[in-house]
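A.B. asks: pasting the structure only:
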């Protein structure tokens, strides 16, 4: 082999070797880039999923907050309406009780209440108090129950209050006490 042939052979081997190395390096670099791209895609998907989840949680939190505010407003309005209805019912009750005081049945009610207080007192002294608006019934109740009667110092809308001083007992059968008890226990359920 001549020198030129040796050179050509050497050059062919070198080119072939360089080409193989170049292709191998290119292939490794391409694989490295593809792996980096896949890792970047995974990271980007993970980040996007986290952002979507965070945004969803934020929206859910805002919706829950808004729902709670609306529920509070509804409850407030409901309580206000119930209060208005309750006040209206109590005013109507007071109006009807005032009308009832003009009926003959009211006198019978006072008698029953006074007799019950007298019976409860037994042999002890009892003082039966009537509302100032019921002064016309004082003598009648005193005679029927054979008890001391007096006009109460404060208005209690009707009915009686009875005191048994020896036993330190106050019997409150007044309309005012009944109305207050009704107001405390009154509830509107939906």
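C.D. replies: That came through, no problem. The structure displayed is predicted, hence computed values, not measured ones. Numbering: from 1, shown residues only.

A.B. asks: C-alpha from now on. contacts and neighbour counts both.
C.D. replies: Will do.

A.B. asks: helices along this structure, start to end?
C.D. replies: In the chain, the helices defined using DSSP state H lie at 3-100, 104-121, 138-145, 175-185.

A.B. asks: CSV for those, including mean neighbour count and distance to residue 165?
C.D. replies: Listed next are the helices of the chain as CSV, based on neighbours: other CA atoms under 10 Å; distance: least, CA to CA, whole Å:
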stretch, mean neighbour count, distance to residue 165
helix 3-100, 12, 29
helix 104-121, 17, 10
helix 138-145, 16, 17
helix 175-185, 13, 20
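
A.B. asks: can you redo those helices as TSV with distance to residue 162 and mean pLDDT?
C.D. replies: Formatted as TSV, those follow (distance: least, CA to CA, whole Å; pLDDT from 0 to 100):
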stretch	distance to residue 162	mean pLDDT
helix 3-100	20	91
helix 104-121	7	94
helix 138-145	12	92
helix 175-185	13	90
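
A.B. asks: can you add distance to residue 163 and give those helices back as CSV?
C.D. replies: CSV is the format used below for these (distance: least, CA to CA, whole Å):
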stretch, distance to residue 163
helix 3-100, 23
helix 104-121, 9
helix 138-145, 14
helix 175-185, 15
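
A.B. asks: nearest to residue 166, out of these?
C.D. replies: helix 104-121 (9.4 Å; CA to CA).

A.B. asks: counting by contacts, list what that closest one packs against.
C.D. replies: helix 138-145, strand 159-164 (3 or more CA pairs under 8 Å, 6 or more residues apart in numbering; DSSP states H and E).

A.B. asks: those: which one's closest to residue 105?
C.D. replies: Minimum separation from residue 105 across those (CA to CA) falls at strand 159-164, 11.9 Å.

A.B. asks: give me the residues contacting that closest one.
C.D. replies: Taking contacts as CA atoms under 8 Å, 6 or more residues apart in numbering, the residues outside strand 159-164 that touch it are 109-110, 113-114, 117, 121, 124-131, 152, 169-175.

A.B. asks: separation between the residue positioned nearest the centre of the chain and residue 31?
C.D. replies: Closest to where the C-alpha atoms of the chain average out (CA atoms, centre = their mean) is residue 75, at 6.7 Å. Residue 75 sits 65 Å away from residue 31, going by CA to CA, to the nearest Å.

A.B. asks: same question for residue 52.
C.D. replies: Between residue 52 and residue 31 the computed distance is 31 Å (CA to CA).

A.B. asks: which of the helices of the chain sits closest to residue 157?
C.D. replies: Among these, the nearest to residue 157 by CA to CA is helix 175-185 (5.6 Å).
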